[in-house]
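**Student:** Give me a 3D structure for the following:
(one chain, ligands or ions: 1)
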Amino acid sequence: MLDGKKSLFSGMQATNTLTLGNYMGALRNWVDFEDEYETFYCVVDMHSITVRQDPAELRRRARALLTLYIAAGLNPEKNCIYYQSHVSAHAELSWILNCFTYMGELNRMTQFKDKSAKHTDNINSGLYTYPVLMAADILLFQSDIVPVGVDQKQHIEITRDIAERFNTIYGDVFTIPEPYLGKQGAKIMSLQEPEKKMSKSDENANATIFLMDDPDTIIRKFKRAVTDSDNTIRSTEEKPGIKSLIEIYCIATGKTIAETEKEFSSAGYGDFKLAVGESVVSMLKPIQDEFHRLEKEKDYIDGIIKGNAEKANYYATKTLRKVQKKVGFPERIR
Ligand code: TRP
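**Tutor:** Numbering: from 1, shown residues only. So this is what the prediction gives:
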């Protein structure tokens, strides 16, 4: 809770551009939170440097992600979209929380195990304490809910453990956050292996639609989507490829499954795939146009970056000061 209002925090790495899955499964639904919650969508550039980054590329991607969030419909006057590195309280709280986190807990984190297996030449301590920085992100804003994918659930659990430990010692300092996995909308599947979730790091370039893909690329990927040989457009578990395409079509057009099945009752897969591709092209076009327009509005975006960092800083500092006092740091002389 922040000033009597429920609060929401989510963080995202600017590793790559967003996918159709990120948009349909999460982002598109996030606008629903903006009235009921004080919302924070943070570009977690401090987390990004736990693996080696090209500096210019990291900066470019971070700005592109921030711009894309706005282009996709998050109103930056209502949702605090900002860079983690612009609010130093993240680092300061993270240090304090490190002193309340056991190595045994961090040793159990599956993301650390995966990432250290992948980057054997750079198993740095930032990678190890990554979950503690994430706990700081969430707890700074007294977050009630944290919309994340299931892969991040373990990190929310350790955040809760750290917060509860701290509260037990010092009284009620932190709101205990809940992961928000529910009604985030659809789970969008890979176009090549429809039993698998669509992922931005898929090695098969045809498996994933990126939000910034051009129309020809989108159509081509849908035309190559893996289906079955039955050639009837019907949504059933036995036909995961077609089921997923129907779902995408329904979200892109606002039609129901029944309407879609009826519309394509005498069509073959070829026609249907083309229609799905076209529906996604027209859904993404306004977002892409808005992105390109905003990219040129340098002063406007700079103003958002500055204003939102100030807002985030205001709330974050409030929590940080409380925590610093609790652990016994001397008060600031004003
Ligand atoms: N670790 C998250 C991811 O890789 C990103 C993240 C950082 C995050 N801090 C967060 C997500 C706080 C939710 C809340 O997806």
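**Student:** The ligand contacts on this protein?
**Tutor:** Counting by Cβ under 6 Å from any ligand atom, the chain comes close to the ligand at 9-13, 44, 47, 134, 137-138, 146, 148, 152. Every C-beta, even on glycine, is put in place using the N, C-alpha and C of the backbone.
**Student:** ok, 5 Å please
**Tutor:** Within the chain, the positions adjacent to the ligand are 10-11, 44, 134, 137, 146, 148 by Cβ under 5 Å from any ligand atom.
**Student:** Next, format those residues as a markdown table and append distance to T317.
**Tutor:** Listed next are the residues of the chain next to the ligand as a markdown table, based on distance: Cβ to Cβ, whole Å:
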| residue | distance to T317 |
| --- | --- |
| S10 | 20 |
| G11 | 18 |
| V44 | 19 |
| M134 | 19 |
| D137 | 14 |
| V146 | 21 |
| V148 | 25 |
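**Student:** Let's see which of those residues end up in helices.
**Tutor:** Under the assignment DSSP state H, the residues of the chain next to the ligand contribute 134, 137 to helices.
**Student:** of the residues of the chain next to the ligand, buried ones?
**Tutor:** 10-11, 44, 134, 137, 146, 148 (16 or more other Cβ atoms under 10 Å).
**Student:** roughly how far out does the lowest-mean-pLDDT helix or strand in the chain sit from the chain middle?
**Tutor:** Across the helices and strands of the chain, the lowest-confidence element by mean pLDDT, DSSP states H and E is helix 28-30, at a mean of 88. Centroid separation for helix 28-30 versus its chain: 11 Å, with Cα atoms, centre = their mean, to the nearest Å.
**Student:** Now do the buried residues in it.
**Tutor:** Those would be 28, 30, for helix 28-30 by 16+ other Cβ under 10 Å.
**Student:** ok so, going back, from the buried ones among the residues of the chain next to the ligand, which is closest to the ligand?
**Tutor:** Closest approach between these and the ligand, by Cβ to the nearest ligand atom: G11, at 2.7 Å.
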